[in-house]
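give me a 3D structure for the following:
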Amino acid sequence: MKTAIRMTLIAAIFAATAGVIPHAWQSEVTACPSCKNANETDSRRPTAYMYSILFMLGMPATVFSCFGVAFYRMSRREMLAQQEMLAAEERDAEPNA
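You can find the predicted model right below:
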């Protein structure tokens, strides 16, 4: 019983912090009047906003991909070095005939 209450409380806190509850009833997002006016008068500004948003969305994927590839290559190199060291130890342990 206590775990059910605890899980419900954790789910409610997560929903409140993630913004699910505060934004559940909103149907559209509106900009401030000066931003709306600036976007309507300048035809290139919405395109610039679009590209900046796409850039910001792409950056985390790029950074995490670079770190993932670097860690993969580092672990692969370490594994090959360990295999080479074990093979050298086995060669040294064999009796000379």
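
going forward, measure contacts and count neighbours with C-alpha atoms only.
Noted.

longest single helix anywhere in this protein?
Ordering each helix of the chain by length in residues (DSSP state H) puts helix 45-93 first.

what sits against the residue most central in space within the chain?
Using Cα atoms, centre = their mean, the residue of the chain that lies closest to the mean C-alpha position is residue 60, 5.5 Å off. For residue 60, no contacting residues are found, by Cα atoms under 8 Å, 6 or more residues apart in numbering.

distance of it relative to residue 50?
17 Å (Cα to Cα, to the nearest Å).

kindly report the same for residue 68.
Using Cα to Cα, we find residue 68 at a distance of 28 Å from residue 50.

residue 83 now?
Using Cα to Cα, one gets 50 Å for the distance from residue 83 to residue 50.

likewise for residue 41?
Summarising the geometry, the distance separating residue 41 from residue 50, computed by Cα to Cα, is 16 Å.

ditto for residue 80
Spatial separation of residue 80 from residue 50 under the definition Cα to Cα is 45 Å.

what does residue 91 give?
Applying Cα to Cα, the value for residue 91 to residue 50 is 62 Å.

what's the weakest-modelled helix or strand in the chain?
For the chain, counting by mean pLDDT, DSSP states H and E, helix 33-41 ranks last in confidence among helices and strands (a mean of 68).

give the buried residues for stretch 46-60.
Residues of stretch 46-60 classed as buried under the neighbour-count rule (16 or more other Cα atoms under 10 Å) do not occur.

check the offset of it from the chain's centre.
Relative to its chain's centre, stretch 46-60 lies at 16 Å (Cα atoms, centre = their mean, to the nearest Å).

can you dump the C-alpha coordinates of that stretch into PDB?
Taking Å, rounded to 0.1, in the frame of the first residue of the first chain, the C-alpha atoms of stretch 46-60 are listed here in PDB:
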ATOM      1  CA  PRO A  46      11.000  33.500 -39.100                       C
ATOM      2  CA  THR A  47      13.500  31.600 -41.300                       C
ATOM      3  CA  ALA A  48      16.300  32.600 -39.000                       C
ATOM      4  CA  TYR A  49      14.300  31.500 -35.900                       C
ATOM      5  CA  MET A  50      13.600  28.200 -37.700                       C
ATOM      6  CA  TYR A  51      17.300  27.600 -38.400                       C
ATOM      7  CA  SER A  52      18.300  28.500 -34.900                       C
ATOM      8  CA  ILE A  53      15.800  26.100 -33.400                       C
ATOM      9  CA  LEU A  54      16.900  23.300 -35.700                       C
ATOM     10  CA  PHE A  55      20.500  24.000 -34.800                       C
ATOM     11  CA  MET A  56      19.700  23.900 -31.000                       C
ATOM     12  CA  LEU A  57      17.800  20.600 -31.500                       C
ATOM     13  CA  GLY A  58      20.700  19.100 -33.400                       C
ATOM     14  CA  MET A  59      23.500  20.100 -31.000                       C
ATOM     15  CA  PRO A  60      22.800  17.600 -28.200                       C
END
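
before I go, just wanted to say thanks for your time.
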